[in-house]
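Student: Got a sequence here, can you model it:
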Amino acid sequence: MKDFDVIVIGGGHAGVEAAAASARRGARTLLITMRESDLGAMSCNPSIGGPGKSQMVAEMDALGGAMPRAADAAGIHFRTLNASHGPATQALRAQIDRALYHNAVKQILSEHKNLTIVYEKIESVDLKNKLINGVYSGKALVFTTGTFLHGLVTMGNEKIPSGRIMDDGEYQSPDTAISGVLRDFGFDIMRLKTGTPARIYRDSINFSVCEEQLPDTPHDWFSDGCNENNNTAVCYITHTTEETHTIIRENIANAPMYNGDIRGIGPRYCPSLEDKVMRFPEHTSHHVFLEPEGLNSDLIYPNGISTSFGRDIQDKWIRTIPGLENARIARYGYAIEYDAIDARALNSCLMSRDNHGLFFAGQINGTSGYEEAAAQGLVAGANAAAFALNLPTLNLDRTNSMIGVMIDDITTLGVDEPYRMFTSRAEYRLNLRADNAIARLGQMGVDLGLIELPAFLHKMQEKAGKISENDKFYAGYIMRNNREIESYRRDKDIKIPTDFDYDSLSGLTNELREKLKRARPETIADLNRIPGMTPAGIMVVLRSIK
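Tutor: Residues are numbered from 1 along each chain as shown. Now for the predicted structure:
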């Protein structure tokens with residue numbers, strides 16, 4: 001038997017952050033994943049950041065996370081989105097070299113002396129005794145299995161059991177055991193779906209008919225910056241055409257998303273092209289962003305045209321897009337279905353409410369995106385170490401972080417589709433900016449052993465000026481936000497009686513009464529997460545209780 005404090009299952013973005021955070025806190029940590037290429041694998045879009053996401057990356061940086069450092073090392077095209085808007089809505093986004101990112105992640109993990117990595121398929125899981133493959137024993141387990149739980153790849157009529165398709169075209173075996181074990185332990189399992197577009201050979205694209213998109217020079221960094229010479233990649237923009245849409249509509253009966261072959265629920269904010277064409281018939285074209293997969297890669301990622309169509313139909317409509325008339329396809333797009341748990345079974349530390357010592361992070365919790373997964377991984381890993389070693393927990397909430405907003409959303413409301421983070425989800429978003437993440441969370445990170453004091457002080461010094469102009473810019477709004485936060489913190493833990501009579505409250509609409517009776521919120525804080533609940537409605541309930 002090989003004993004560890006924390007065992008992390010899965011080596012994607014969530015697993016990397018979980019293992020690193022656990023090890024930074026002093027826990028003897030095992031990261032177990034199928035192959036070395038899993039570490040930091042970017043199986044879909046080769047980018048980091050964007051609205052809502054870049055704020056979480058900044059928060060991970062304040063807590064010593066790996067993703068910000070790896071993104072700086074592997075970024076090849078940095079741009080600030082919404083640059084003409086206020087600082088709270090600006091977002092750094094970078095195209096990433098897949099190979100450089102993988103290498104950077106490996107280097108970062110090698111710096112953690114308490115971390116052991118094993119490349120091995122999961123054959124058995126004993127949740128009661130926290131035993132993996134009958135060999136590895138832990139005080140806490142962290143599940144970060146991504147799309148591998150009963151993963152099923154679909155391309156038209158083709159259905160292949162797989163967690164994902166590798167860069168070399170090889171299918172990676174899915175996990176067929178963990179879902180059943182979790183279900184037997186009382187977890188509710190749901191079926192979700194995501195997808196990815198084809199990969200196209202760079203030399204088969206006519207970029208001259210596309211709109212050129214250059215990187216920012218100079219530009220911001222996710223962490224402390226490095227490899228400025230890498231910021232040289234050029235992206236391009238093209239668009240679908242009416243001919244593209246006609247082919248899709250004529251063949252929609254062959255699309256697994258529409259003929260019933262795919263039952264998993266897909267992401268609303270990252271739909272397949274066939275979904276966009278059918279849902280928005282008034283649009284005669286949709287943007288397609290041609291993004292390089294690396295400085296030395298011969299592949300282009302056509303962002304915006306993920307699909308579940310078969311190869312033959314993809315061949316037809318891809319070549320109706322300007323610049324792609326002679327496209328040679330290296331790998332076809334596909335949809336993938338996978339199992340996830342209902343994250344309402346977890347607390348704010350991402351630990352099972354009923355099965356202590358079991359933690360979950362990433363797509364297994366119903367989220368979508370590298371940044372969402374990594375952020376959960378950091379929280380789950382830090383708190384798994386806390387559980388194993390009896391240390392203070394990492395407590396993030398809606399008032400102090402975007403990560404806290406996401407975790408609060410998925411653990412109290414749950415999800416009915418893959419969850420994606422947006423700044424609009426955060427009530428206190430003027431306070432939760434990327435530039436002030438170190439000021440908000442850095443000291444907490446130092447106190448918990450997630451980031452070293454010199455690194456914290458250096459980052460504070462680097463950001464001090466920007467935090468102080470931006471705070472002045474939002475001064476009046478921030479004062480109001482702070483008052484709201486104080487009120488929220490003061491009242492959020494007030495309990496709502498289980499037999500509370502919502503029908504007796506005259507200040508609520510019938511719709512809200514019905515929602516409240518179904519949701520049965522336990523505290524005043526829970527009211528904020530009920531769709532359609534207004535501040536006035538919260539005050540009606542609060543006054544009645546008080």
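
Student: Helix, strand or coil: sort out the residue nearest the centre of the chain for me.
Tutor: With distances taken as Cα atoms, centre = their mean, E372 lies nearest the centre of the chain, 2.1 Å away. Three-state assignment for E372 (DSSP: H, G, I helix; E, B strand; the rest coil): helix.

Student: Any buried residues in the lowest-mean-pLDDT helix or strand in the chain, and which?
Tutor: Of all the helices and strands that make up the chain, the one with the lowest confidence by mean pLDDT, DSSP states H and E is helix 475-491; it has a mean of 75. Neighbour counts over helix 475-491 (16 or more other Cβ atoms under 10 Å) mark I478, N481, I485, Y488, D491 as buried. Bear in mind the C-beta positions are built from the backbone N, C-alpha and C, glycine included.

Student: ok, N259 touching E274?
Tutor: No: assessed by Cβ atoms under 8 Å, N259 is found out of contact with E274, at 10.9 Å.

Student: Same drill for those two, tell me which one is more crowded.
Tutor: Taking neighbours as other Cβ atoms under 10 Å, N259 and E274 compare with E274 leading, 26 against 12.

Student: ok but the more buried one is inside a helix, no?
Tutor: Yes: according to three-state DSSP, E274 belongs to a helix.

Student: Report pLDDT for the residue lying closest to it once chain neighbours are set aside.
Tutor: Closest residue in space to E274, ignoring its immediate chain neighbours: A255 at 4.8 Å, by Cβ to Cβ, 6 or more residues apart in numbering. If you check A255, the pLDDT there is 91.

Student: which ones are touching A255?
Tutor: When contacts are counted by Cβ atoms under 8 Å, 6 or more residues apart in numbering, A255 touches I248, E274, T307, S308, F309.

Student: show me where pLDDT drops low in the protein?
Tutor: Counting by pLDDT under 70, the ranges of the chain that qualify are 534-536.

Student: any residues touching the least confident helix or strand of the chain, and which ones?
Tutor: Against helix 475-491 from outside (Cβ under 8 Å, 6+ apart): R398, T399, E427, Y428, L430, N431, D471, I524, A525, N528, L542.

Student: ok, so of these, who is nearest L391?
Tutor: Distances from L391 to the contacts of helix 475-491, taken as Cβ to Cβ, are shortest for T399 (22.8 Å).

Student: Using the three-state scheme, assign the closest one.
Tutor: coil.

Student: Would you agree it is in contact with Y428?
Tutor: Yes: counting by Cβ under 8 Å, Y428 is a contact partner of T399 at 5.8 Å.

Student: Where does L542 fall, secondary structure wise?
Tutor: helix 535-545 (DSSP states H and E).

Student: Next: S137.
Tutor: Secondary structure assigned from DSSP H and E places S137 in strand 136-143.

Student: Who does that strand pair with, and is each partner parallel or antiparallel?
Tutor: Next to strand 136-143 in the sheet, as set by DSSP bridges, lie strand 2-9 (parallel), strand 131-132 (antiparallel), strand 358-360 (parallel).

Student: which element follows it toward the C-terminus?
Tutor: Counting by DSSP H and E, what follows strand 136-143 is strand 152-155.

Student: which residues sit against the helix or strand just after that following strand?
Tutor: Toward the C-terminus, strand 152-155 is succeeded by strand 158-161 as the next helix or strand (DSSP H and E). Residues outside strand 158-161 that contact it (Cβ under 8 Å, 6+ apart) are H150, G151, L152, V153, T154, Y171, S173, P174, T176, D261, G310.

Student: Out of these, which comes closest to A58?
Tutor: G151 (31.2 Å).

Student: Stretch 187-194: how far from the chain's middle?
Tutor: 16 Å (Cα atoms, centre = their mean, to the nearest Å).

Student: contacts for it?
Tutor: Contacts of stretch 187-194 (Cβ under 8 Å, 6+ apart): 44, 147, 179, 182-183, 262-267, 270, 335-342, 345, 352, 363, 366, 368, 417-418.

Student: Report the buried residues of that stretch.
Tutor: F187, M190, R191, L192, K193, T194.

Student: repeat for stretch 419-427
Tutor: For stretch 419-427, burial by neighbour count (16+ other Cβ under 10 Å) applies to Y419, R420, M421, T423, R425, A426, E427.

Student: Take those and keep only those in helices.
Tutor: Using DSSP state H, no member of the buried residues of stretch 419-427 sits in helices.

Student: Present those residues as TSV; the columns should include distance to A94.
Tutor: Output for these, formatted as TSV (distance: Cβ to Cβ, whole Å):
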residue	distance to A94
Y419	22
R420	18
M421	17
T423	18
R425	22
A426	22
E427	28
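
Student: right, so the strands paired with strand 136-143: which one is the most enclosed?
Tutor: Ranked by mean neighbour count, those are led by strand 358-360 with a mean of 27 (mean count of other Cβ atoms under 10 Å).

Student: Next, please give the residue ranges for the helices of the stretch 351-500 of the chain.
Tutor: Remark: helices assigned in the stretch 351-500 of the chain by DSSP state H, counting those that start in this stretch are 370-389, 402-408, 437-447, 453-473, 475-491.

Student: Run through the neighbouring helices and strands of the third one.
Tutor: The one in question is helix 437-447. helix 53-62, helix 453-473 (3 or more Cβ pairs under 8 Å, 6 or more residues apart in numbering; DSSP states H and E).

Student: Could you say which helix or strand holds the nearest residue to K113 once chain neighbours are set aside?
Tutor: Once flanking residues are discounted, K113 sits nearest to A23: 7.4 Å by Cβ to Cβ, 6+ apart. A23 is part of helix 13-24 when elements are defined by DSSP H and E.

Student: now for that helix, which elements pack on it?
Tutor: By 3+ Cβ pairs under 8 Å, 6+ apart, helix 13-24 packs against strand 2-9, strand 29-33, helix 66-74, helix 98-110, strand 115-119, strand 136-143, helix 370-389.

Student: Please work out the angle formed by the directions of the third one and helix 370-389.
Tutor: In terms of direction (axes from the mean of the first three to the mean of the last three Cα atoms, to 10 degrees), helix 66-74 departs from helix 370-389 by 140 degrees.

Student: And for the fourth one?
Tutor: With the same axes, to 10 degrees defining the directions, helix 98-110 sits at 10 degrees from helix 370-389.

Student: contacts for helix 98-110?
Tutor: Here helix 98-110 has contacts from 16, 19-20, 31, 36-37, 39-42, 46, 66, 69-71, 73-74, 76, 115, 117, 167, 230, 293-297, using Cβ under 8 Å, 6+ apart.

Student: mind running it again at 7 Å?
Tutor: 16, 20, 39-42, 46, 66, 69-70, 73-74, 115, 117, 293-294 (Cβ atoms under 7 Å, 6 or more residues apart in numbering).

Student: hmm, back to that, could you identify which of the helices and strands packed on helix 13-24 is most buried?
Tutor: Of those, helix 370-389 is the most buried (mean count of other Cβ under 10 Å), at a mean of 29.

Student: any idea how far that one is from the chain center?
Tutor: The answer for helix 370-389 is 13 Å, by Cα atoms, centre = their mean.

Student: which strands and helices sit next to that helix?
Tutor: Here helix 370-389 touches strand 2-9, helix 13-24, helix 53-62, strand 136-143, strand 358-360, helix 402-408, going by 3 or more Cβ pairs under 7 Å, 6 or more residues apart in numbering; DSSP states H and E.
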